[in-house]
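> From the sequence below, what's the structure:
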Amino acid sequence: MDYRIISIGALSINDLWDKHGPARTAHATTTLIRSGDKTILVDPALPPQVLVPRLAERSGLGPGDITDVFLTCFRPAHRYGLGAFENADWYISEQEREVVGRELLARFEHEEGDEEVRDLLKQEIEVLQKCKAAPDTLAEQVDLFPSFGFTPGTCGLLLSHNRSTTVIAGDAAPTLEHIEHGKVLKGCFDIEQAQTSLTEILEVADEIVPGHDNAIVNPMRGPF
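Numbering: from 1, shown residues only. Sure thing, here's the model as predicted:
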């Protein structure tokens with residue numbers, strides 16, 4: 001089993017920077033995992049016209065080589081490129097799928113008069129319906145790592161190496177600065193649960209792939 005970063009994400013604004021400049025378009029870090037006969041793409045965040053060439057540059061692979069896509073949450077910034085991987089199986093945590101699905105259906109049923117909004121909600125529902133509830137184990141040495149809090153069902157992946165572990169954290173550990181300061185993103189669905197999830201990541205992981213930053217060695221664990 002191995003992994004590599006395909007694209008390093010960014011927050012629209014990182015409040016922990018001294019100078020953060022103008023707001024950017026947020027997009028998540030995209031990670032490729034290869035384990036056995038599985039080739040898993042986590043959070044295909046860039047638009048297809050950007051992500052597909054980036055995937056080829058970083059791995060030599062094309063969309064048809066991806067067997068599975070895993071979303072750490074259903075936020076748009078984590079799935080702009082999802083449509084490029086129609087032949088793969090799409091997965092998301094069961095809790096995220098259920099809670100977000102109920103919210104989308106409720107909004108669709110109560111939306112009246114604005115057909116454009118109804119169409120957008122219908123598209124979101126259709127995308128979510130294509131996402132399967134992820135099993136506890138996606139592939140050999142690749143297990144779900146529930147990290148609820150930022151969204152109702154935020155969920156990372158735990159990669160078990162011979163002598164170390166890597167957690168692909170999603171928005172539960174968004175950037176290096178958030179990890180170093182022990183802080184979670186603003187606007188959490190449940191801030192206490194999000195803080196607990198971040199603490200658990202820091203206790204378990206030797207390496208962390210943040211939701212919107214490059215992979216790092218866990219600063220709380222040191223070199224391994």
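
> show me the contacts for the most centrally placed residue in the chain.
The centroid of the chain falls nearest to Thr72 when counting by CA atoms, centre = their mean (3.3 Å). Thr72 makes contact with 28, 42-43, 78, 147, 154-157, 168-172, 211, according to CB atoms under 8 Å, 6 or more residues apart in numbering. Yep, even glycine has a C-beta here, placed from its N, CA and C like the rest.

> The same query, at a cut-off of 10 Å, please.
For Thr72, the contact set (CB atoms under 10 Å, 6 or more residues apart in numbering) comprises 28-29, 31, 42-43, 78-79, 92-93, 96, 145, 147, 150-151, 153-157, 168-172, 209, 211.

> how about low-confidence regions in the protein?
The chain contains residues with pLDDT under 70 at 222-224.

> So what touches the helix or strand hosting Asp119?
Using DSSP states H and E, the element containing Asp119 is helix 115-130. Applying CB under 10 Å, 6+ apart, the contact partners of helix 115-130 are 69, 71, 74, 76, 79, 82-83, 86, 89-90, 92, 96-98, 100-101, 103-109, 111-112, 114.

> That helix: which residues count as buried?
121, 124, 127-128 (16 or more other CB atoms under 10 Å).

> same question, stretch 210-217
Applying 16+ other CB under 10 Å to stretch 210-217 flags 210-213, 215-216 as buried.

> partner residues bridging the closest residue to Ser93 other than its chain neighbours?
Taking CB to CB, 6 or more residues apart in numbering, and ignoring the residues beside it in sequence, Ser93 has Cys155 as its nearest neighbour in space, at 3.6 Å. Following DSSP bridges, Cys155 is listed with bridge partners Pro146.

> Give me the distance between Cys155 and Trp17.
27 Å (CB to CB, to the nearest Å).

> ok, now Ala133?
The spacing between Ala133 and Trp17, counted by CB to CB, is 36 Å.

> Which residue is the nearest non-sequential neighbour of Gln193?
Sequence neighbours aside, Gly149 is the residue nearest to Gln193 in space, at 3.7 Å (criterion: CB to CB, 6+ apart).

> Can you tell me the closest non-neighbouring residue to the residue nearest to the centre of the chain?
Nearest residue to Thr72, sequence neighbours excluded (CB to CB, 6+ apart): Gly170, at 2.8 Å.
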